[in-house]
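Engineer: here are the coordinates; sequence isn't available:
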């Protein structure tokens, strides 16, 4: 088990309190009705799955219940940083 720092609670908590929610910094289409089925499917289902640094959206499900971002190395599972939604990462891929 390892601990994750929640930037909203400002505490390190056990991994079991958190859930990954996919890729971070995904921009929602301004006019979803104008998208073709292929474009809508691309937005909904296709995400990056890199080997190495990856920015992910997580939720502190059993704590403050707020979302935040994690920069994590997908090879070593090492968390490089956590930061609030709306902020930019300090560690860039």
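Structural biologist: Noted; the coordinates are in hand. Just so you know, these numbers come straight off a predicted model, no measurement behind them.

Engineer: At which residues are the strands of the chain located?
Structural biologist: 3-6, 11-14, 19-23, 53-59, 67-73, 79-84 (DSSP state E).

Engineer: Can you convert those strands into a markdown table and add a column each for distance to residue 44, mean pLDDT and mean neighbour count?
Structural biologist: For the C-beta atoms, the positions are set from N, CA and C on the backbone; glycine is no exception. Formatted as a markdown table, the strands of the chain follow (distance: least, C-beta to C-beta, whole Å; pLDDT from 0 to 100; neighbours: other C-beta atoms under 10 Å):
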| stretch | distance to residue 44 | mean pLDDT | mean neighbour count |
| --- | --- | --- | --- |
| strand 3-6 | 27 | 97 | 17 |
| strand 11-14 | 30 | 96 | 13 |
| strand 19-23 | 11 | 94 | 13 |
| strand 53-59 | 15 | 96 | 19 |
| strand 67-73 | 18 | 97 | 20 |
| strand 79-84 | 25 | 97 | 16 |
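
Engineer: Of all those strands, which one comes closest to residue 32?
Structural biologist: With C-beta to C-beta as the measure, strand 19-23 is the member of the strands of the chain nearest residue 32 (17.7 Å).

Engineer: Give the other helices and strands that that closest one contacts.
Structural biologist: Applying 3 or more C-beta pairs under 8 Å, 6 or more residues apart in numbering; DSSP states H and E, one finds that strand 19-23 contacts strand 53-59.
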